[in-house]
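J.: Provide a 3D model corresponding to the input given below.
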Amino acid sequence: MENLIASYSTIRQESQDLCKPLYTDDFNIQPRAEVSPPKWHLAHTTWFFESFILKEYLEDYKAYHPKFDFIFNSYYKGHGDHWLQSQRSLLSRPTVEDIYKYRAHVDEYILKLLENPISSELKQLFIVGLNHEQQHQELLLMDIKAILGSQPLQPEYAPNDYVKTDSCDDIQWLSYEVDKPVYIGAPEDVFSYDNERPKFLHYLNSFSIADRFITNREFKEFINDGGYNNSQLWLSQGWDWIQNQKIKAPLYWSKNLDKEFTLYGEINLEPNAPVCHISYYEADAYAKWCGHRLPTEYESEFHLNNIQNNTDESGLHSFNPYQLNLWSWTSSHYSPYPGFKEFNGKLSEYNGKFMCNQFVLKGGCFATPKGHLRPSYRNFFAPQQRWMFSGIKLAKDDL
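T.: Below you'll find the model as predicted:
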């Protein structure tokens, strides 16, 4: 019980720590529909504990505010109606100060609930809730960058303290002679979301995967070679997307391709740093331009299970552009595993309802909270989205 209390207190505080560099005016900005204001993240993660735990398991608990259920429910249709995601910035009330009071109120009652032994069912719900908050910590950094990057002043989130790297090693190919069925999915003795289960056998052909991400310099070569103007490199929907949206470079690059907005503010485009904020369409087009391909999610997971330092979390929350670990696009559609079963009860909408028109990303990123990384983790986004911390790792067949 003490470990659960400590984890709860630590993770909840970490969310607030991520917001410390912000000004009050930053908390309610929503530059695009896919971006949520920081104020909303802080409230929604609190709503999760209030709605799914306090209201269900703490006798005589009264909701902090009767309309918060409507305002801060994200997408749980079975739970009731909710405010539209695209209109979250319209919520000037409750204020930021009110949200912090809401968090303190819920934390007080959660800790009161944890004064007594809890059932294994409730403990599992707590674990899901804490992992849910950690997911939102990564989303917070994504959204904070989008908010600051939409401002003409392009302010910094963190002080710039990185050291430039003047060279980059050539890509080395890590070869896996497989040609057999391998187990995919989360082991039973670690926490996982429902979309990572159950473990199943999947036949893998031999393949190779790059040992590093594609760099800004390498992606700029693709641009200079007319990559964004060559329809033969693009999926049909991807070509329509770049034409309609007039996409000419990765998100946050300047028009002259010489600067990039980062969490340090705007800096010179560092040629040897991994290219970041890439859509699936761009990653796929680049891979085709290179004569290679993107890995499947099964190849990526097999690779992550076999590299020695897959538990190294030393670079987390380091914003050094040369040390960015990024979510890696795969060519796999986000679909259920054989035998997939959604979470029970009200959490049944957690993942399964999004298994349509999205692609899987693997590996975690520098913004993924410590303890939240695992090879079986399946992130997923629509192919045109790129405000997340996404990059490109190439793969090739070894036939």
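J.: give me every residue that touches residue 83.
T.: With contact taken as Cβ atoms under 8 Å, 6 or more residues apart in numbering, residue 83 is in contact with 70-73, 91. Every C-beta, even on glycine, is put in place using the N, C-alpha and C of the backbone.
J.: neighbour-wise, which of those leads?
T.: residue 72 (26 neighbours; other Cβ atoms under 10 Å).
J.: how close does that one get to residue 91?
T.: Taking Cβ to Cβ, to the nearest Å as the measure, residue 72 and residue 91 are separated by 9 Å.
J.: what touches both of these two?
T.: By Cβ under 8 Å, 6+ apart, the residues touching both residue 72 and residue 91 are 40, 83.
J.: ok so, going back, report the two of the contacts of residue 83 separated the most.
T.: Using Cβ to Cβ, these reach their maximum pairwise distance at 73 and 91, which is 13.0 Å.
J.: re earlier: okay, and which of the contacts of residue 83 map to helices?
T.: Counting by DSSP state H, those place 70-72 in helices.
J.: and the residue nearest to residue 272 when sequence neighbours are not counted, how many neighbours?
T.: Closest residue in space to residue 272, ignoring its immediate chain neighbours: residue 168 at 3.9 Å, by Cβ to Cβ, 6 or more residues apart in numbering. By the criterion of other Cβ under 10 Å, residue 168 has 16 neighbours.
J.: the strands in the protein, which residues?
T.: All strands of the chain, identified by DSSP state E, fall at 173-176, 180-184, 200-204, 207-210, 259-262, 265-268, 327-333, 359-362, 379-381, 390-391, 395-397.
J.: In the stretch 201-350 of the chain, where is pLDDT below threshold?
T.: Counting by pLDDT under 70, the stretch 201-350 of the chain has low-confidence residues at 308-316.
J.: can you map out the helices along it?
T.: Along the stretch 201-350 of the chain, the segments classed as helices by DSSP state H, counting those that start in this stretch run 216-224, 236-245, 280-290, 297-306.
J.: would a markdown table of the ones you listed with distance to residue 172 and mean neighbour count be doable?
T.: Output for these, formatted as a markdown table (distance: least, Cβ to Cβ, whole Å; neighbours: other Cβ atoms under 10 Å):
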| stretch | distance to residue 172 | mean neighbour count |
| --- | --- | --- |
| helix 216-224 | 14 | 18 |
| helix 236-245 | 29 | 14 |
| helix 280-290 | 15 | 23 |
| helix 297-306 | 13 | 21 |
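J.: Tell me which of those helices approaches residue 34 most closely.
T.: Closest to residue 34 of the helices of the stretch 201-350 of the chain, according to Cβ to Cβ: helix 236-245, at 13.6 Å.
J.: Residues contacting the closest one, please?
T.: Residues outside helix 236-245 that contact it (Cβ under 8 Å, 6+ apart) are 228, 231, 234, 247-248, 279-282, 284-285, 383-384.
J.: Redo the residues you listed as CSV? Include distance to residue 362.
T.: Output for the contacts of helix 236-245, formatted as CSV (distance: Cβ to Cβ, whole Å):
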residue, distance to residue 362
228, 26
231, 29
234, 23
247, 24
248, 28
279, 16
280, 13
281, 18
282, 17
284, 15
285, 20
383, 16
384, 19
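J.: Tell me the one of the residues you listed nearest residue 106?
T.: Distances from residue 106 to the contacts of helix 236-245, taken by Cβ to Cβ, are shortest for residue 384, at 35.7 Å.
J.: Done for today, thanks.
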